[in-house]
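Student: Here you go, sequence then predicted model.
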Amino acid sequence: MKKLLLFLLALAWGSASAVSPDATISGTGTLYLTFDVGMGNHAEGVLFGRFVPDRDSLPHFPAVTSGTYPGPVTYITFKPTEQMLETLLGAAEAARLSQDRARIVRVPVTVVLKDYKPVVECDARSYHATVVSVKPLGHFQAASRDDAPIGC
């Protein structure tokens, strides 16, 4: 009973998610991969991936709606793996893009995520997760900083 009361209080203050850490959430949308540019203008790998759920999938991703730093889910951030890049882009293309001037690519995907959690970065609400699986639904394209979710 005490644990339930503490959990309900945490939800009321907006500091907990209604999603169990063991649960998985799946959805479709657009995945943006941002490559990191190192010293000497060469890539050092993928800085991060951000999944933007489409309108039909967005309700599957709970948002913090009250308490400290409430905010909608606009994207979910995660660290892509080399295997994920090869699945989405192909090994040769992933290597080429990591050296290319187009530092952001987007691809329509279906994802399964776990460890979904709300966090606060730069005094704003954001959401993080771990990727269980990702499947491309189309071809990747270069994306601009105007289209991609960039910054905090």
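Tutor: That came through fine.
Student: top strand in this structure by residue count?
Tutor: Looking across the chain with DSSP state E, the single longest strand is strand 104-121.
Student: For it, name the packing helices and strands.
Tutor: Judged by 3 or more C-beta pairs under 8 Å, 6 or more residues apart in numbering; DSSP states H and E, strand 104-121 is in contact with strand 24-37, strand 43-53, strand 76-78, helix 82-89, strand 124-136, strand 141-142. The C-beta positions use only the backbone N, C-alpha and C, and glycine is treated the same way.
Student: try 7 Å this time
Tutor: Using 3 or more C-beta pairs under 7 Å, 6 or more residues apart in numbering; DSSP states H and E, the elements in contact with strand 104-121 are strand 24-37, strand 124-136, strand 141-142.
Student: for those, which one sits closest to Val73?
Tutor: Among those, strand 124-136 comes nearest to Val73, with 5.5 Å by C-beta to C-beta.
Student: what sits up against that closest one?
Tutor: 24, 31, 61, 64, 69-71, 73, 76-78, 84, 87-88, 107, 109-119, 152 (C-beta atoms under 7 Å, 6 or more residues apart in numbering).
Student: Filter those residues down to the buried ones, PyMOL style.
Tutor: The buried subset of the contacts of strand 124-136, as determined by 16 or more other C-beta atoms under 10 Å, is captured in PyMOL by this line:
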select buried, resi 24+31+61+64+73+76+77+78+84+87+88+107+109+111+113+114+116+118
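Student: What pLDDT is listed against Ala148?
Tutor: Per-residue confidence at Ala148 stands at 77 (pLDDT).
Student: my read: it touches Val107, true?
Tutor: No - in this structure Ala148 lies outside contact range of Val107 using C-beta atoms under 7 Å: 11.9 Å.
Student: Report how many residues lie close to Arg96.
Tutor: 11 (other C-beta atoms under 10 Å).
Student: what's the answer for Thr130, then?
Tutor: 13.
Student: how about Pro108, what does it touch?
Tutor: Going by C-beta under 7 Å, 6+ apart, the list of residues near Pro108 reads 30, 137-138.
Student: can you list the weak-confidence ranges in the chain?
Tutor: 1-21, 36-47, 99-102, 151-152 (pLDDT under 70).
Student: mind running it again at 50?
Tutor: Applying pLDDT under 50 to the chain flags the ranges 1-17, 43.
Student: quick one: Arg96 and Arg145, what's the gap?
Tutor: In this view, Arg96 and Arg145 are 20 Å apart by C-beta to C-beta, to the nearest Å.
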